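*Asks:* Got a predicted structure here, sequence first:
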Amino acid sequence: MIRRGAWSVCLWLVCAGCALTPDYERPELDLPETYLQPAPPGESIANLTWWDLYGDPELRSLIETALEENQDLALALARVAEARYQVTFVRADQFPFLDVFGSGGRGRGSERQAGSQTHGGSPSLRTSDQFAIGGEISFEVDLWRKYSRATEGSRADLMATEAAHRNVTISLVASVASSYFLLRDLDARYAIAIRTAESRRDSLEIIRARFDKGTVPELDVNQAEIELAIAEASAVSFERQIIQAENALRILLGRYPGSIDRGLALDEQRLLPDVPAGLPSELLQRRPDVVAAEQSLAAETARIGVAEALRYPSISMTGSLGAIADELSDLNTNEAKAWNVAAGIFQPIFNSGRLKAQAESQRARAEQSLYAYEAVLRQAFREVEDALAAVRTLRLEYDIRARQVVSARNAARLSRARYDAGVVDFLEVLDTERTLFGSELDESTTQREALDAVVRLYKALGGGWTEPEPET
């Protein structure tokens, strides 16, 4: 008998350790060894708090505020907590369930129901008490690792949710930095428009005085008024955009619309000279959307085992131990004890292909997750390559724009001098000043885009912000 029981235990252990599907392994990927766009070697910028390199304390303060108060980030963190509890919920099926019960009652049978036995003093007509207390244990043997596979899938979901939380964090940091640089760019363009309007207003007064003296035609006055109106309209437009940019940035900070404190001006922000990108293979571990896609693939792969296990036998066991008595004081006597042990086996035979279709459907979902994972990974490499190209070319473009502004200012100065000397007409002055105005605006925009390209590269590489370690 003991030998038979030992063989039964061994058989149970063997069956419980069997899995109908292999463990998840990362798909073989043909990753490029280096990026196409040139990048200096060294530790990736994604491993640094790159915003500190600009030396703008206000930018650092805005990012810290957003990380503490943004509602989208708090929502993502709450989803992580939900996924963590879901793992515990699913994992509980791998262990026995123990329940306790207790009851007490008092009752009497019906005379109509008792019938002819009423005259004989049937016990059902007596008022009686009944009390019961006990416990019940139930357990389903994890044949074919059905429940362990479900736990694997739930854990993978948790890791995907954590990666999504990190992705929200990275996107939030990038959005705050981009919005701040846009705001400083609008401030710079607003200042350029105000300065240009003041210069054109002074020129208009001079031209009007000359027109009153009959030295210049009325056409010069009208053209000067047109150019002044263009500068004034630009200033009003930039003022409106500044208010909207401030409100958008305040929402990222988790606050109501309002003003934003400024730090360094746009032309005081430092363009990072060298931006290392690291190795392409690092994207698999660092970039959160890639991690989330892979964990979703792992979860769907684990659930194939769950779906397959439903087609095979399942064994469940239950047991109960308690006491039942007519008097509360008799519950602890041997005569009141009651127990029960049972085991059952269930094997689906015919269900019109329902369980097989369910397993094949889960395989199809896993295949979809594989394609999605590969698509996310390809998109990640594209974004890195685009960002590297933007960082390199926008820095060159900004240098060109800066030279253009220097030449435009000199041309405007010479053209004004030639006009005052009566050598050229006012059209030349308008052309050179119009070119100067556009060149200064383009220089500011290009500098902002160069700064924002580093932000996009940081986001494309997958991070840089790490959560502080909790205090012990």
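*Replies:* Okay, I see it. Residues are numbered from 1 along each chain as shown.
*Asks:* Test my guess that Trp163 contacts Val291.
*Replies:* Careful, residue 163 is Ala and not Trp. Yes - with contact defined as CB atoms under 8 Å, Ala163 reaches Val291; the gap is 4.1 Å. The way it works is simple: take the backbone N, C-alpha and C, and place the C-beta from them, glycine included.
*Asks:* now the helices for the stretch 351-472 of the chain?
*Replies:* 354-420, 426-461 (DSSP state H, counting those that start in this stretch).
*Asks:* Need the winner for burial among these.
*Replies:* Sort those by mean neighbour count, taking mean count of other CB atoms under 10 Å, and helix 426-461 sits at the top with a mean of 21.
*Asks:* Quick check: the gap between Arg416 and Ser203.
*Replies:* 8 Å (CB to CB, to the nearest Å).
*Asks:* Also Leu172?
*Replies:* With CB to CB as the criterion, Leu172 and Ser203 are 46 Å apart.
*Asks:* Identify whichever of the helices of the stretch 351-472 of the chain lies nearest to Leu143.
*Replies:* helix 354-420 (14.8 Å; CB to CB).
*Asks:* Provide the secondary structure category for the closest residue to Glu69 other than its chain neighbours.
*Replies:* Excluding its sequence neighbours, the residue lying closest to Glu69 (CB to CB, 6 or more residues apart in numbering) is Gly254, at 3.4 Å. Assigned with DSSP: H, G, I helix; E, B strand; the rest coil, Gly254 falls in the coil class.
*Asks:* one step back: of all the helices of the stretch 351-472 of the chain, which one is nearest Arg155?
*Replies:* helix 354-420 (15.6 Å).
*Asks:* got the helices of the stretch 351-472 of the chain as TSV, with mean pLDDT and distance to Leu219 columns?
*Replies:* TSV is the format used below for the helices of the stretch 351-472 of the chain (pLDDT from 0 to 100; distance: least, CB to CB, whole Å):
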stretch	mean pLDDT	distance to Leu219
helix 354-420	95	14
helix 426-461	94	8
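*Asks:* Model confidence for Glu335, exactly?
*Replies:* For Glu335, the pLDDT comes out at 84.
*Asks:* Distance check, the nearest residue to it once chain neighbours are set aside against Asn167.
*Replies:* Spatial nearest neighbour of Glu335, chain neighbours left out: Ala325 (7.8 Å); criterion: CB to CB, 6+ apart. Using CB to CB, Ala325 is found at 62 Å from Asn167.
*Asks:* How about Leu451?
*Replies:* 22 Å.
*Asks:* go on, Leu62?
*Replies:* Taking CB to CB, one finds Leu62 at 20 Å from Asn167.
*Asks:* now do Ala174
*Replies:* 11 Å.
*Asks:* Report the set of residues contacting both of those two.
*Replies:* Taking CB atoms under 8 Å, 6 or more residues apart in numbering as the contact criterion, no residue touches both Ala174 and Asn167.
*Asks:* need the strands for the stretch 151-300 of the chain, in chain order.
*Replies:* In the stretch 151-300 of the chain, no segments count as strands under DSSP state E, counting those that start in this stretch.
*Asks:* Low-confidence ranges, it, go.
*Replies:* For the stretch 151-300 of the chain, no stretch has pLDDT under 70.
*Asks:* Tell me where the chain has helices.
*Replies:* For the chain, applying DSSP state H gives helices covering 2-16, 57-69, 71-91, 111-114, 146-212, 218-252, 283-286, 288-309, 354-420, 426-461.
*Asks:* How far off centre is the last one?
*Replies:* Okay, so that is helix 426-461. 32 Å (CA atoms, centre = their mean, to the nearest Å).
*Asks:* angle of that helix against helix 218-252?
*Replies:* 20 degrees (axes from the mean of the first three to the mean of the last three CA atoms, to 10 degrees).
*Asks:* Which secondary structure elements does helix 426-461 sit against?
*Replies:* The elements that helix 426-461 packs onto, with contact taken as 3 or more CB pairs under 8 Å, 6 or more residues apart in numbering; DSSP states H and E, are helix 146-212, helix 218-252, helix 354-420.
*Asks:* and the second one, how far out from the chain's middle?
*Replies:* Think helix 218-252. On CA atoms, centre = their mean, the centre of helix 218-252 falls 37 Å from that of its chain.
*Asks:* For it, buried residues please.
*Replies:* Across helix 218-252, burial judged by 16 or more other CB atoms under 10 Å covers 220-221, 223-224, 227-228, 230-232, 234-235, 238, 241-242, 245-246, 249-252.
*Asks:* Go ahead and confirm Ala76 touches His165.
*Replies:* Yes - judged on CB under 8 Å, Ala76 makes contact with His165 at a distance of 4.1 Å.
*Asks:* Which one of those two is surrounded by more residues?
*Replies:* Legend: neighbour count by other CB atoms under 10 Å for Ala76 and His165, higher for His165 (22 against 19).
*Asks:* could you list every residue that touches that one?
*Replies:* Leu73, Ala76, Leu77, Arg79, Val80.
*Asks:* could I get those as JSON lines with pLDDT and distance to Val376?
*Replies:* JSON lines is the format used below for the contacts of His165 (pLDDT from 0 to 100; distance: CB to CB, whole Å):
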{"residue": "Leu73", "pLDDT": "94", "distance to Val376": "21"}
{"residue": "Ala76", "pLDDT": "95", "distance to Val376": "18"}
{"residue": "Leu77", "pLDDT": "94", "distance to Val376": "22"}
{"residue": "Arg79", "pLDDT": "96", "distance to Val376": "19"}
{"residue": "Val80", "pLDDT": "96", "distance to Val376": "20"}
